[in-house]
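# Using only what follows, build the 3D model:
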Amino acid sequence: MLALLLGMAGVATGAQAQEEFVVSYDGFYDRLKVVEKGEFEFARVNFYLVDIASLAPCQLKAGKIVTETSEQPLNYTQEAQLLLPFSEKLDKDKAVIVAKPLNAQHDCQIKFQIESEYFTTAHLTRQRLYQLHHEFDELLSDLSGFFVSKLMGFLLPQQKGVKVTFASEPNLSSPGVSCHKQVCYFEVMDDWENDAARFNTLSEVVSVTPWIEK
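Below is the predicted model of the structure:
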């Protein structure tokens, strides 16, 4: 799935394979803080543990969040999304994330991905896609920081619109929309801001990410 991917370094432990993946919590906290401070209805930043070579999920068998004085379970999904709390205390206590891949032969890394939350087929209107497109753009800029977004904006990937992945082929046909099997690309226009026109499909939305122009 094409999306904004930015790595975070971790440390593998184990004599011959990656029995544990260990990474500091502070990098996650900094990104979660940006989302918490913003006014985003749909846009979020999520974290995944993926294979370095293939970007396939590094499925987990166990995990924990550890400080010098405490330990708590790490919550995660079958797709190796790390469901991390937003906690100033964990940041101040210099917590680390310890994840145990199901396949110890995986060479894993963290990626973070801007995507939507709670965006369903019911939200599939030009107006809502316009809103989401601009939330994605603002979140990308905020995560990049002042120096990059304001002074070196040319380094940022060009966001052209919104990419929607459906559970089945949506059979959509409309100006500014191009689909290939279950994935559709919506080229968001300025005049969509107050346009409540709906894109009608019976297929359920699986994920929504920024459409990044290569």
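# Can you report how many residues neighbour Tyr29?
Other residues near Tyr29 number 19, with proximity taken as other C-beta atoms under 10 Å. Glycine gets a C-beta too; all of them are placed from N, C-alpha and C.
# any idea what sits nearest it, other than its immediate chain neighbours?
Nearest-residue entry for Tyr29: Asp91, 4.2 Å, with adjacent residues in sequence omitted and distances by C-beta to C-beta, 6 or more residues apart in numbering.
# could you say which helix or strand contains the one you found?
helix 88-92 (DSSP states H and E).
# which residues of the protein fall in helices?
Using DSSP state H, the helices of the chain run over 26-37, 88-92, 126-146.
# winner for burial among these?
helix 126-146 (a mean of 19; mean count of other C-beta atoms under 10 Å).
# And that helix, how far out from the chain middle?
13 Å (C-alpha atoms, centre = their mean, to the nearest Å).
# Kindly export that helix (C-alpha atoms) in PDB.
Listed next in PDB are the C-alpha coordinates belonging to helix 126-146 (Å, rounded to 0.1, in the frame of the first residue of the first chain):
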ATOM      1  CA  ARG A 126     -16.500  15.400  -2.200                       C
ATOM      2  CA  GLN A 127     -16.800  17.700   0.800                       C
ATOM      3  CA  ARG A 128     -15.400  15.100   3.200                       C
ATOM      4  CA  LEU A 129     -12.600  14.000   0.800                       C
ATOM      5  CA  TYR A 130     -11.700  17.700   0.500                       C
ATOM      6  CA  GLN A 131     -11.500  17.900   4.300                       C
ATOM      7  CA  LEU A 132      -9.500  14.800   4.600                       C
ATOM      8  CA  HIS A 133      -7.100  15.900   1.900                       C
ATOM      9  CA  HIS A 134      -6.300  19.100   3.700                       C
ATOM     10  CA  GLU A 135      -6.100  17.300   7.100                       C
ATOM     11  CA  PHE A 136      -3.500  15.000   5.600                       C
ATOM     12  CA  ASP A 137      -1.600  18.000   4.100                       C
ATOM     13  CA  GLU A 138      -1.600  19.900   7.400                       C
ATOM     14  CA  LEU A 139      -0.500  16.800   9.400                       C
ATOM     15  CA  LEU A 140       2.300  16.100   7.000                       C
ATOM     16  CA  SER A 141       3.500  19.700   7.300                       C
ATOM     17  CA  ASP A 142       3.200  19.600  11.100                       C
ATOM     18  CA  LEU A 143       5.100  16.400  11.400                       C
ATOM     19  CA  SER A 144       7.900  17.800   9.100                       C
ATOM     20  CA  GLY A 145       8.400  20.800  11.400                       C
ATOM     21  CA  PHE A 146       8.900  24.400  10.600                       C
END
